[in-house]
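> sequence and predicted model, in that order:
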Amino acid sequence: MTDETHISKFKNIFKGRKFKRNAFYVLMMTFPVVHFIIFYIVVNFNSFFLAFREYTLSDGTMTWQYSLKHFQTIFYELTHSPQNITMGYMFRNSFLVFAFEILIIVPLSIIFSFYIYKKLPFAKLFKVIIFIPSIITVLALAIVYNATVNNVLPSVFGCEKFLLELYPDRVFGALMVFTLMISFGVNIIMYTSTMSSIDQSLVEAAKIDGAGLGKEFFNITLPACYSTISVFIVVSIAGMFVNQLHAHAFFGSGLEVKLRTVGYFLFVETLKAGTSITQYGYLSAWGLLLSAIVIPLTFTVRWVLKKIGPSED
Amino acid sequence: MKKKNGKKYSDINVVMAIIGVILGLFCLLLIGIMFFAIASSFNDVMNFNRNPLNMFSTFKTENYSNVFLYMQIRKTIGGRQFYIKAPEMYLNSVLFSVGAAFSAVIVMCTTAYMCAKYRNWFSKLISGIVIVTMIVPIIGNTPSALDISIKLGLYNKIYGMCIMKASFLGMYFLIFIAAFNGIPDDFGEAAQIDGASQFYTYVLIYLPLVRNMFFTMIILNFIGNWNDYQGPMLFMPDKPTISFGLFYLTQYPDNRFNGNTPLFLAASILVAFPTILLFCAFHDRLLGNLSMGGIKG
């Protein structure tokens, strides 16, 4: 075989359809894959290693060594007074917010969604209005909420101003009401979309058998929404230690210690750390410990919900 | 009770009527609060403090011009102190929101297309990764992300934030992949027989078929980015967005703003205006397509 035939064969490989297809695939997938490696894998591994690194600044040079210092600090804070009282408040508040989401927001969202799904009077209008808070920045909503509870309510009902910054005992309840008011939008869209996929022949058959709206809700709609409700519960567990109850939008970093959630604490500490790498280890250690609690919990709850859920039939 | 087409709401019962009333009252409350915010944003501070419900005795458009003129963030960089004003914050918001929305949606859409139309073990792996990362909650990796962004020179840069947001992970990937899987492969094969390249097949044949979804995702991402103040606060503190500016204003108000609720309300409306405008223009599209995922910033 001559050199020319070799070259033309080599050229044909690059001209082939399969080669072009594979080259295009590699080209298009390179950025997403590199991005995933850097901003997911490297970030999470780095977070793991940061948790075990202790940085010291000596003679203007930053040095580090592996140690368990951050974990020791956290365990000290969890077991010794007065820090353990603060930590106790943080965990209690995070659980309270989680319970509030599951016991109040989910049931109300489902009931409202059922009303909208059944296309009862003004259903479409209600859906649009309830969704509006979801597209406005939480800061603007917090300002409007504050202005309302401090000015409109006292004027209308003759009560005193709420002044959340002066009365800490009112803050948690006020933040929960605020969260309730702004969280229906996305939830209702989620549940109505699931309800819309219910086979209407089932509903018609139930109607022929004399079932009213109540029976339809409990026997058809609720079981059909089970998977969406399960997803919501799992997501709420996963987000239990990230949820800030929008407290930062109201109080910045100055929220009373008793009212802080774990999510708020982590965010404020990260903000305080800024670009100072010496603080990252402590926060990463917190992250690692909380992930160690939440990951198995999420998987267990997911498994339990799958086990106890209604059958697909 | 009758529907527009004459069909009766025959199955409505007392419980549903009560729920309807509660929903109606809740919506009235929301509308009332929004109306109060808009009307009071034009009110005079003295008048507002005297009687907040007396919203129509003054109409001060200066509140808005004052916000635009005096809403600012003080920064000290390299020992030099300077102010970042509202127009610059708006520009930062537009650049960040548009840039991050396009980078994220383009990457997500392209990766979903590749996984749907180039079926191989790697595509399956990528789809699996998306699901796994959605299920496994990892907490507290923000300091690490900050560390990496500083090391890569992306910290404090708008384009850096856009690059960091350009990930294919998330619920929207699954929506895109379902859409591409629903389009027959014949479309692309026919185009390629006619001489279209792989790239043209994607851009000119498949992308127009998912353009509505693509556009909706851009809007949703834009709204999410516009409303987000914590991300820019952490990753680009010297390039504040308008939401970050509003946060700064509430925490460190100067003499003009201190105790001046109408000015704060005007600032809130100025910040929320673009997203409200988008919602008014595209609410059918947003409410129709937002079956999964949230957009709260």
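That came through fine.
> what's the closest non-adjacent residue to the closest residue to chain A within chain B?
Residue nearest to chain A within chain B (C-beta to the nearest C-beta): residue B:140, separated by 1.7 Å. For every residue, glycine as well, the C-beta is placed using N, CA and C. Closest residue to residue B:140 apart from its sequence neighbours, by C-beta to C-beta, 6 or more residues apart in numbering or on different chains: residue A:287 at 1.7 Å.
> follow-up on the earlier one: so the residue of chain B closest to chain A sits right up against residue A:283, yeah?
Yes - judged on C-beta atoms under 8 Å, residue B:140 makes contact with residue A:283 at a distance of 5.9 Å.
> what's the overlap in contacts for those two?
Taking C-beta atoms under 8 Å, 6 or more residues apart in numbering or on different chains as the contact rule, residue B:140 and residue A:283 both touch residue A:266.
> against residue A:239, how distant is the residue of chain B closest to chain A?
From residue B:140 across to residue A:239, the span is 13 Å (C-beta to C-beta, to the nearest Å).
> these two: who's more crowded?
residue B:140 (26 against 18; other C-beta atoms under 10 Å in any protein chain shown).
> between residue B:140 and residue A:239, which contacts overlap?
By C-beta under 8 Å, 6+ apart, no residue touches both residue B:140 and residue A:239.
> for chain B, give me its nearest residue in chain A.
Closest point on chain A to chain B, by C-beta to the nearest C-beta, is residue A:287, at 1.7 Å.
> burial of that residue, as a residue count?
For residue A:287, using other C-beta under 10 Å, the count is 26.
> the stretch 101-250 of chain B: helices as residue ranges?
B:121-135, B:142-151, B:158-165, B:171-181, B:186-193, B:198-200, B:207-209, B:211-227, B:230-235, B:242-251 (DSSP state H, counting those that start in this stretch).
> need the next SSE after the last one, C-terminal direction.
Read that as helix B:242-251. helix B:261-289 (DSSP states H and E).
> what's the closest non-adjacent residue to residue A:257?
Per C-beta to C-beta, 6+ apart, closest to residue A:257 is residue A:86, 5.2 Å.
> pretty sure the one you found contacts residue A:262?
No - using C-beta under 8 Å, residue A:86 is not in contact with residue A:262; the gap is 11.2 Å.
> out of the two, which sits in the more crowded spot?
Counted by other C-beta under 10 Å, residue A:86 and residue A:262 do not tie: residue A:262 has more neighbours, with 23 against 14.
> how much space is there between the more buried one and residue A:239?
Distance from residue A:262 to residue A:239, by C-beta to C-beta: 11 Å.
> what does residue B:79 give?
For residue B:79 relative to residue A:239 (C-beta to C-beta), the value is 41 Å.
> got the contact list for residue A:286?
Neighbours of residue A:286 in contact, by C-beta under 8 Å, 6+ apart: A:74, A:266, B:140.
> not counting its neighbours along the chain, what's nearest the residue most central in space within chain A?
For chain A, the residue sitting closest to the mean C-alpha position, by C-alpha atoms, centre = their mean, is residue A:239 at 4.4 Å. Among residues not flanking residue A:239 along the chain, residue B:137 sits closest, at 7.2 Å (C-beta to C-beta, 6+ apart).
> lowest average confidence, helix or strand, in the chain?
Just so you know, I chose chain A. Least confident helix or strand of chain A, by mean pLDDT, DSSP states H and E, is helix A:3-15 with a mean of 63.
> my question was about chain B
strand B:72-77 (a mean of 86).
> just the strands in chain A please.
A:53-58, A:61-66 (DSSP state E).
> quick check: which of those strands is buried the most?
strand A:53-58 (a mean of 12; mean count of other C-beta atoms under 10 Å in any protein chain shown).
> now what about it, what contacts it?
For strand A:53-58, using C-beta under 8 Å, 6+ apart, the contacting residues are A:62, A:63, A:64, A:65, A:66, A:67, A:69, A:70, A:277, A:278, A:281.
> can you lay out those residues as CSV showing pLDDT and distance to residue A:256?
Output for the contacts of strand A:53-58, formatted as CSV (pLDDT from 0 to 100; distance: C-beta to C-beta, whole Å):
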residue, pLDDT, distance to residue A:256
A:62, 83, 35
A:63, 86, 38
A:64, 88, 35
A:65, 90, 37
A:66, 91, 37
A:67, 91, 33
A:69, 93, 29
A:70, 93, 26
A:277, 85, 30
A:278, 86, 27
A:281, 92, 27
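> which one of the contacts of residue A:286 is nearest to residue A:153?
Using C-beta to C-beta, residue A:266 is the member of these that lies nearest residue A:153, at 32.9 Å.
> nearest residue to that closest one other than its sequence neighbours?
residue B:140 is the one closest to residue A:266 (C-beta to C-beta, 6+ apart), at 5.8 Å.
> and the pLDDT for the one you found?
The per-residue pLDDT reported for residue B:140 equals 87.
> and it, what is it in contact with?
Counted by C-beta under 8 Å, 6+ apart, residue B:140 has contacts A:47, A:266, A:283, A:284, A:286, A:287, A:288, A:290, A:291.
> ok, the residue nearest to residue A:71 when sequence neighbours are not counted - how many residues close by?
Leaving out its chain neighbours, the residue that sits closest to residue A:71 by C-beta to C-beta, 6+ apart is residue A:285, at 5.4 Å. Neighbourhood size, residue A:285 [other C-beta under 10 Å]: 25.
> next, the residue of chain B closest to chain A: phi, psi?
With angles defined as degrees, to the nearest 10, residue B:140 sits at phi 70, psi 30.
> before we move on, back to that, enumerate every residue touching the residue nearest to residue A:71.
Applying C-beta under 8 Å, 6+ apart, the residues near residue A:285 are A:51, A:52, A:70, A:71, A:73, A:74.
> make a PyMOL selection of the buried ones in those.
Command for PyMOL that selects the buried part of the contacts of residue A:285, burial taken from 16 or more other C-beta atoms under 10 Å in any protein chain shown:
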select buried, chain A and resi 51+52+70+71+74
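> burial measure for the nearest residue to residue A:309 once chain neighbours are set aside, as a count.
Nearest non-adjacent residue to residue A:309, counting by C-beta to C-beta, 6+ apart: residue A:226, 5.1 Å away. Residues lying near residue A:226 (other C-beta under 10 Å) number 14.
> check the one 4 residues further on too.
As a burial measure, residue A:230 scores 17 neighbours (other C-beta under 10 Å).
> do residue A:141 as well
The burial count for residue A:141: 25, using other C-beta under 10 Å.
> my read: it touches residue A:134, true?
No - counting by C-beta under 8 Å, residue A:141 stays clear of residue A:134, with 9.8 Å between them.
> what do these two both touch?
By C-beta under 8 Å, 6+ apart, the residues touching both residue A:141 and residue A:134 are residue A:182.
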